[in-house]
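*Asks:* sequence unknown, structure follows:
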């Protein structure tokens, strides 16, 4: 019984480690992405924070990629549709994401 419990524990720990690596790996590598859908009369914004001056890359489909230099970039997608796939990239990337802001 102890041997079976030990095998299950090892399998559970391995699964948790794989899941953590899957979700935290992209951020530590400098890349985050997601999908967003904002209500009518709201606009999409993307943000990234690197802590040091570096080049940031922001994308919202189907728009072109926008590049900006600095330690923090906040981009308001004026004139873009209010839904789609977004991504932010910077090295290093401490935090980033997409959100909605009311016009």
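*Replies:* Nice, thanks for sending it over. Because the structure is a prediction, the values reported are computed rather than measured.

*Asks:* I'd like the mean pLDDT over stretch 84-97, please.
*Replies:* The average of the pLDDT scores along stretch 84-97 is 94.

*Asks:* give me the low-pLDDT residue ranges for this protein?
*Replies:* Scanning the chain for pLDDT under 70 picks out the ranges 1-29.

*Asks:* and if we set it to 80?
*Replies:* Where the chain drops to pLDDT under 80, the residues are 1-29, 80, 103.

*Asks:* Helices along that one, start to end?
*Replies:* 2-28 (DSSP state H).

*Asks:* Any idea what the residue most central in space within it is bridged to?
*Replies:* Nearest to the geometric centre of the chain sits residue 32, at 2.8 Å (CA atoms, centre = their mean). Assessed by DSSP bridges, residue 32 has beta-bridge partners residue 88.

*Asks:* what sits against it?
*Replies:* Contact analysis of residue 32 by CB atoms under 8 Å, 6 or more residues apart in numbering lists 26, 48, 87, 88, 89, 93, 96, 97. For every residue, glycine as well, the C-beta is placed using N, CA and C.

*Asks:* Tell me the spacing between residue 91 and residue 102.
*Replies:* According to CB to CB, to the nearest Å, residue 91 stands 32 Å off from residue 102.

*Asks:* quick one, which of those two is more surrounded?
*Replies:* residue 91 (12 against 8; other CB atoms under 10 Å).

*Asks:* Next, the more buried one: phi, psi?
*Replies:* With angles defined as degrees, to the nearest 10, residue 91 sits at phi -130, psi 110.

*Asks:* Contacts only, for the closest residue in space to it that isn't next to it in sequence.
*Replies:* Among residues not flanking residue 91 along the chain, residue 30 sits closest, at 4.1 Å (CB to CB, 6 or more residues apart in numbering). Residue 30 is in contact with 89, 90, 91, 92, 93, counting by CB under 8 Å, 6+ apart.

*Asks:* Surely the fourth one and residue 50 touch.
*Replies:* Yes. The pair residue 92 / residue 50 is scored as a contact, 5.5 Å apart, by CB atoms under 8 Å.

*Asks:* more neighbours, these two?
*Replies:* Taking other CB under 10 Å, residue 92 and residue 50 do not tie; residue 50 has more neighbours (22 against 13).
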